[in-house]
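Student: Predicted model follows, preceded by the sequence.
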Amino acid sequence: MSKPLSILILFIALLSSCRGNQKILTHDDCDTVALKYATHISIVKHHDFTVVKLADPWNTGKTLHTYVLVPADKELPAHLPDGAVVRTPLKRAVVATSVHCSLVIDMGKGTSIGGICEPQYIHIPYIQDQLKKGRIADCGSGMAPTVEKIIDMQADAIFLSPFQNSGGYGKVEELKIPIIETADYMETSALGRAEWMRFYGMLFGCEEKADSMFAEVEKGYMELKALAKTSADKRSIMMDKQTGAVWYVPGGQSTLGGIFADAGIDYPWKDDDHSGSLALPFESVLEKAEHADIWLFRYNSPHDITFKELLSDNAGYKQFKAFTDKEVYGCNTASSTFYEETPFHPNLLLRDFICIAHPDLQLGEPKYFKKLHE
């Protein structure tokens, strides 16, 4: 084969790998954004638009959604690949969840939130203040947002959480407004979920800010992980408490399972291969975690729970070593920012775990989990 022909074949191969199965586009260079941890998202930048593909976390090999991000101050290119066109930066977005509201505010784009869902679950002062002033609209339920409110506010995107076999988004899909499916929670690594902030930064026109934020989160997380390895303490942990007849514990391959490992903590379900929660009877948890050194749990209450109240919920708790040793820590989600902060700042949660499990490292007091009192 001649040298010129070899070069031509190589050029065509590289061009094909960049464009994949997209429509034939005009002369265009593309650049795949390198994501280090996230596995359910890919981002490819072209000259005048960006293609973002979300992998379907419930159907391997399939695509959940494709977005084509085009700057609002540019004309739409004549030939775009298939996907939902999103004009960026977003200015009037409906953001359904507290965690994503918190992230948008952290990125300095709180004024771009035009609507929210279920405000009774969003305890962010800025959001509540803007609601009272009428600058943010209450769009009803996150499962079935109020279409009329979304139309009235002229929303330019709607951020909703996808669920397996949910059947879609009903009337909201008829609005022809981009639905941003926030599938970040399906990532199985803490940094994988946090890395989605880079995509959200692109949507709100603060890509550099989001990249910088993630780099800071990653740096802090990796430094804490390395620090945990220097501890002489090797303690075990059990998580959460019984709800009704079921005790939900994090699967071994879940985000929390990974953070336990990075904190140098032994977790009874570390060898389990589930990435979600396990629904177990009390007896199964007792059998597996009876001798765990530390007990952490999350709860929602107007006041901080005590040992006496915990025992009144279930007298069987006294069978656990962590209970009798008074090594029990609770996170009151009604008064803390646990759910707002930790998904995109897992370094803060890792620090909590290290503070509790490795007191020899002297990191100070945990931020979210507080030791129970009598």
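Tutor: Nice, I can see it. Numbers count the residues shown, from 1 in each chain.

Student: wait, what's in contact with the closest residue in space to Arg87 that isn't next to it in sequence?
Tutor: The shortest distance from Arg87 to any non-neighbouring residue, by C-beta to C-beta, 6 or more residues apart in numbering, is to Ala72 (4.2 Å). Heads up, the C-betas are built off the backbone N, CA and C, glycines and all. By C-beta atoms under 8 Å, 6 or more residues apart in numbering, the residues touching Ala72 are Arg87, Thr88, Pro89.

Student: Could you take these and lay them out as CSV, with extra columns for distance to Thr97 and secondary structure?
Tutor: As requested, the contacts of Ala72 are exported to CSV (distance: C-beta to C-beta, whole Å; DSSP: H, G, I helix; E, B strand; the rest coil):
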residue, distance to Thr97, secondary structure
Arg87, 22, strand
Thr88, 20, strand
Pro89, 20, coil
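
Student: Against Ile237, how distant is the residue lying closest to Asp240 once chain neighbours are set aside?
Tutor: Using C-beta to C-beta, 6+ apart and skipping residues adjacent in sequence, the residue nearest Asp240 is Phe297, 4.7 Å away. In this view, Phe297 and Ile237 are 11 Å apart by C-beta to C-beta, to the nearest Å.

Student: between these two, which one's more packed in?
Tutor: Ile237 (23 against 17; other C-beta atoms under 10 Å).

Student: My guess is that one contacts Ile354. True?
Tutor: No. With contact defined as C-beta atoms under 8 Å, Ile237 does not reach Ile354; the gap is 11.6 Å.

Student: I'd like to know which elements the longest helix anywhere in the chain is packed against.
Tutor: Using DSSP state H to define each element, the chain has its longest helix at helix 207-228. With contacts taken as 3 or more C-beta pairs under 8 Å, 6 or more residues apart in numbering; DSSP states H and E, helix 207-228 sits against helix 190-194, helix 197-203, helix 255-262, helix 346-357.

Student: hmm, try it at 6 Å
Tutor: helix 197-203, helix 346-357 (3 or more C-beta pairs under 6 Å, 6 or more residues apart in numbering; DSSP states H and E).

Student: Thr243: which of these is closest?
Tutor: helix 346-357 (21.0 Å; C-beta to C-beta).

Student: ok, residues contacting the closest one?
Tutor: With contacts defined as C-beta atoms under 6 Å, 6 or more residues apart in numbering, helix 346-357 is touched by 190, 194, 217, 220-221, 224, 228, 235, 259, 263, 265, 329, 341-342, 363, 366-369.

Student: which outside residues touch whichever helix or strand comes after it?
Tutor: Tracing the chain C-terminally past helix 346-357 and defining elements by DSSP states H and E, one meets strand 370-371 next. Residues outside strand 370-371 that contact it (C-beta under 6 Å, 6+ apart) are Tyr329.

Student: and strand 370-371, which strands flank it?
Tutor: strand 328-332 (antiparallel) (DSSP bridges).

Student: Put the alpha carbons of the partner strand into CSV.
Tutor: Listed next in CSV are the C-alpha coordinates belonging to strand 328-332 (Å, rounded to 0.1, in the frame of the first residue of the first chain):
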residue,chain,number,x,y,z
VAL,A,328,-24.0,5.7,67.7
TYR,A,329,-24.1,8.8,65.5
GLY,A,330,-27.2,10.3,63.9
CYS,A,331,-27.6,12.7,61.0
ASN,A,332,-30.8,14.7,61.4
